[in-house]
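# Sequence unavailable; structure follows:
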DNA sequence: CTCTACAGCGTAAACGATTGCATCCACAGT
DNA sequence: ACTGTGGATGCAATCGTTTACGCTGTAGAG
């Protein structure tokens, strides 16, 4: 049923080798011959057997993607970007939800490693040591996580957070709160730093409301903690939590944005859908997916010296500069004002 | 670096064939020998090369999944179920978003077909003819779509819809509306039929508000059309649209559930999160994913006579009954009451 | 004691592609 | 006319597994 290279070769009256080369190394084949082969292939509807190719080249043309939870609306957009890019590169994506791997992501990486050319790890919770171990098994590319030794892409709080704070400042807010995510989260601490700096600059007081789980429940807890403070506006770790927080505030009879302004992070689709619309910092999820796959791909095009392992303690950038070493890409964010932020009102 | 069967065989002092058989056909190998092989494999950390295996068996151990849009919150849960089951079966999932294939899903099926053992098609929009063509390329399993000749799993409106209608009836509603999805959608017409029947039974009037795109925009249009009628309650094609519809109604100053009660379909996570909570018909998405993969797997375990193609006009179930032929599974739905439905109020 | 049967194991041929190497031919340089 | 050059092509090995087939030895039947 399925057509093989042999069939193509027979039809084009050339050897299998020539047929193969017509695809792989067109420059090594005479023009007339190549066209004959290509025509023959098209006529019989040939498509190469990936298994056979993978067997000999050792490359499967498949990248793995591990996400902590597919139902978290952050990831589908990343996956779309990743997939689009993968398709452009002629690769496929093996998507895996880590949720069901209670003992962590490492076993998953182990399972996937032999059958993929690289893995995109999204919002990985592995600690640095485990991460390095994983990286020895297979090329890795990080999304939403930074590592000093691995390539990755993350959302830069700038200029999104500064814009949001300035927006709130102009609305008259003078006391800002931050409802944070898991304290281990690197991005969380980065954001705190940026908030600190910007507030300092424009003269805004800010209060750390605390660290919460990035879930509906966490958002609710955040709302409760928030009401113990005097803030008139909050930045929340992500939209999911922000939405839950608003919901909880409403439960308390606290009006948003009348009494408290809320700003999320991510700009998931629902944020525009609810009432009031959630003002938020938009992160370029699609582009992050694209970039993550690019990183992986660039990595194994340059290929070669992945031999030295990874336990080297010399974290220095390669002396040859350029695109070498691991790339860490910070993609800019953007503040999107909606209905959940408004002018502060003076309490009577 | 990677260990092969040859290494295992050498270490266990047997031939490669015996090593292979120890895994594939343990019954053909002496017990002592088998244990020696297994031990050797464990010691050197052998894991079979999937490409080599696929090459000779013609089966890749990978199932494809095609979803129309990953960002539609309906699908991630299906994927989770599918993935869980696939893992149990030792298979992997190749997930693909059809969104970027403007010319339809068929080309995608063509691309995927050679490298997978079967494809789960979610909410496919292909028409029956195209569907059959696709089915000739590769085993198919349908989610959210029924075909007379293909196996598939769908959400049975019963008992969800009847429960919802009875609930509304008890709340005093006597005039129900239905905001439908794409008119080509088979499930849409099935639901209409059920609504018709139930309304007849309990004496409720109902109005078909029309067919709309299953998007935010479609939901808004539905709200607008809805306001031209006298209904006091609506069933909406899915939660996504229902949420958008509620949002739009609110824009018009129409209170939900004060003036109009709204019932969705799917029970996506956000439906519980918004205010008021969206009453909805919960569909067992996870289980649907599980079942879809099962159908695929059962199909190629029985394997064998897939030769007769599929253009047979005799839609009759195989005479031998049992699990033969294609299975069509209707999974039961459940009504989940929340804040968006309430007692009808008499207009003054 | 011979013959059959079968369990247990090895040999070797696939599977479909890639690729180093050898071959062939034409053409140009001397 | 002979040889060197290099472009175009074919041969054949190879990747790691699976599996049809054949061989061996032992046990039970006659």
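Here it is on my side, so go on. What you see is a predicted model, and the numbers here were worked out from it, not measured in a lab.
# from here on, contacts and neighbour counts on C-alpha atoms
Fine.
# A helix includes residue A:209, no?
No - looking at residue A:209 with DSSP: H, G, I helix; E, B strand; the rest coil, it is strand, so not inside a helix.
# distance of it from residue A:252?
Distance of residue A:209 to residue A:252, given as C-alpha to C-alpha, to the nearest Å: 18 Å.
# Settle it for me: which of these two has more neighbours?
Using other C-alpha atoms under 10 Å in any protein chain shown, the more surrounded residue of residue A:209 and residue A:252 is residue A:209, with 23 against 12.
# for that one, what are its contacts?
Taking C-alpha atoms under 8 Å, 6 or more residues apart in numbering or on different chains, we find residue A:209 in contact with A:177, A:178, A:179, A:180, A:222, A:225, A:226.
# Where do the helices of the stretch 151-300 of chain A begin and end?
Taking DSSP state H, counting those that start in this stretch, the helices of the stretch 151-300 of chain A run over residues A:160-170, A:186-202, A:216-226, A:239-251, A:285-302.
# any chance of the ones you listed in a markdown table, plus distance to residue B:271?
Shown next, in a markdown table, are the helices of the stretch 151-300 of chain A (distance: least, C-alpha to C-alpha, whole Å):
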| stretch | distance to residue B:271 |
| --- | --- |
| helix A:160-170 | 28 |
| helix A:186-202 | 28 |
| helix A:216-226 | 12 |
| helix A:239-251 | 12 |
| helix A:285-302 | 23 |
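# Confidence-wise, which of these is weakest overall?
Mean pLDDT is lowest for helix A:285-302 out of those, coming in at a mean of 87.
# next one: that helix to chain centre, how far?
10 Å (C-alpha atoms, centre = their mean, to the nearest Å).
# Now do the buried residues in it.
Under the neighbour-count criterion of 16 or more other C-alpha atoms under 10 Å in any protein chain shown, helix A:285-302 has A:285-297, A:299 buried.
# Can you list the buried residues in the helix or strand just after it?
Note on helix A:285-302: by DSSP states H and E, the next helix or strand toward the C-terminus is strand A:328-332. Under the neighbour-count criterion of 16+ other C-alpha under 10 Å, strand A:328-332 has A:328, A:329, A:330, A:331 buried.
# Stretch A:212-223 now?
Using 16+ other C-alpha under 10 Å, the residues of stretch A:212-223 that count as buried are A:212, A:213, A:214, A:215, A:216, A:218, A:219, A:220, A:221, A:222, A:223.
# ok, back up a step: among the contacts of residue A:209, which one lies nearest to residue B:20?
residue A:180 (53.1 Å; C-alpha to C-alpha).
# What distance do you get for that closest one to residue A:190?
Using C-alpha to C-alpha, we find residue A:180 at a distance of 11 Å from residue A:190.
# One more: residue A:71?
From residue A:71 to residue A:190 the distance is 25 Å (C-alpha to C-alpha).
# Neighbour count for these two, which is higher?
Shown here are residue A:71 and residue A:190; by other C-alpha under 10 Å, residue A:71 has more neighbours (22 against 13).
# Shouldn't that one be within a strand?
No - secondary structure assignment places residue A:71 outside any strand; it is coil (three-state DSSP).
# so what's the residue lying closest to residue A:271 once chain neighbours are set aside scoring on pLDDT?
Of all residues not flanking residue A:271 in the chain, residue A:278 sits nearest, at 5.0 Å (C-alpha to C-alpha, 6 or more residues apart in numbering or on different chains). If you check residue A:278, the pLDDT there is 95.
# And residue A:79, by the same measure?
95.
# Thought residue A:287 was touching it, still the case?
No - contact criterion C-alpha atoms under 8 Å: residue A:79 and residue A:287 do not qualify, at 9.9 Å.
# Residue A:228 - how many residues pack around it?
If we define neighbours as other C-alpha under 10 Å, then residue A:228 has 9 of them.
# quick one: it from residue B:194, how far?
Taken as C-alpha to C-alpha, the span from residue A:228 to residue B:194 is 51 Å.
# And the spatially most central residue of chain A, its phi and psi?
For chain A, the residue nearest the mean C-alpha position is residue A:143 (3.6 Å; C-alpha atoms, centre = their mean). Phi and psi for residue A:143, reported as degrees, to the nearest 10, are phi -120, psi 130.
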